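Undergrad: this one's structure only:
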């Protein structure tokens with residue numbers, strides 16, 4: 001399994017960025033915490049010295065070590081725009097970015113204020129190119145959760161690679177769960193076990209929600225990881241994601257560009 005897969009991150013470490021840079025002997029990279037940044041990050045490189053500045057949201061200072069290590073490794077990747085070198089580096093870059101995006105999404109879920117919304121406006125577009133999310137949800141709910149999970153499901157944006165679960169507030173002040181499945185899973189080549197696995201993963205976040213421990217947000221704690229492995233095709237899903245997920249997203253984006 002990919003060592004950077006977020007479901008296997010060690011969440012009990014919380015070193016500072018400076019500590020990690022010092023431990024690895026990295027001197028040409030510095031970190032700037034930007035309180036105005038929320039969903040993005042970037043790296044700036046000096047043409048004279050080759051030194052790099054990684055700009056990240058301020059809340060990343062409290063991120064687990066493995067998230068910070070993923071950011072540091074991402075910031076140190078060579079900048080290749082063309083050729084074989086780019087093709088060699090791009091899979092790693094994409095995996096790192098997916099991990100970071102997932103963490104940011106989870107933190108926005110924990111910290112942001114819930115917005116008032118009409119649930120009826122979200123109950124559409126559950127039918128995809130091959131799978132109906134409502135049917136997948138009902139199957140997993142019956143098979144693994146004894147039909148106890150209640151949520152609205154929807155597809156994410158086209159070719160997106162991050163699925164997530166959030167809590168919203170309806171017009172009457174009642175809270176409800178919303179599961180968004182990454183748009184890349186709407187590709188017709190996605191196998192059944194993969195769409196069911198990602199649905200199970202997000203539904204499990206409803207049964208075992210994030211919690212705080214020692215001042216830190218724990219998203220995939222020991223109880224969650226143990227429960228996630230009970231999914232029948234857990235290993236097959238992660239192997240499939242590692243081999244095919246980003247290639248499918250790339251194909252979808254390329255097709256979209258040619259269309260327009």
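TA: Thanks, I have the structure now. Remember, it's a predicted structure, so these values are computed and weren't measured experimentally.
Undergrad: Skip the chain neighbours and tell me the closest residue to residue 224.
TA: Nearest residue to residue 224, sequence neighbours excluded (C-beta to C-beta, 6 or more residues apart in numbering): residue 208, at 4.7 Å. For the C-beta atoms, the positions are set from N, CA and C on the backbone; glycine is no exception.
Undergrad: May I have the predicted confidence score for that neighbour?
TA: The model reports residue 208 with a pLDDT of 95.
Undergrad: Can you report how many residues lie near it?
TA: Per other C-beta atoms under 10 Å, the neighbour tally for residue 208 reads 17.
Undergrad: wait, what's in contact with it?
TA: 221, 223-224, 227 (C-beta atoms under 8 Å, 6 or more residues apart in numbering).
Undergrad: Which elements pack onto whichever strand or helix holds residue 237?
TA: Assigned by DSSP states H and E, residue 237 belongs to helix 234-240. Here helix 234-240 touches helix 192-207, going by 3 or more C-beta pairs under 8 Å, 6 or more residues apart in numbering; DSSP states H and E.
Undergrad: distance between the following helix or strand past the helix it packs on and the chain's centre?
TA: Next along the chain after helix 192-207, taking DSSP H and E as the criterion, comes strand 211-213. Computed by C-alpha atoms, centre = their mean, to the nearest Å, the chain-centroid distance of strand 211-213 equals 19 Å.
Undergrad: Could you do stretch 153-166 as well?
TA: Here stretch 153-166 is found 10 Å from its chain centre; the criterion is C-alpha atoms, centre = their mean.
Undergrad: next one: stretch 137-147
TA: 23 Å.
Undergrad: And the contacts of that stretch?
TA: With contact meaning C-beta under 8 Å, 6+ apart, stretch 137-147 is reached by 148-149, 151, 153, 179, 196, 199-200, 203, 207, 230-231.
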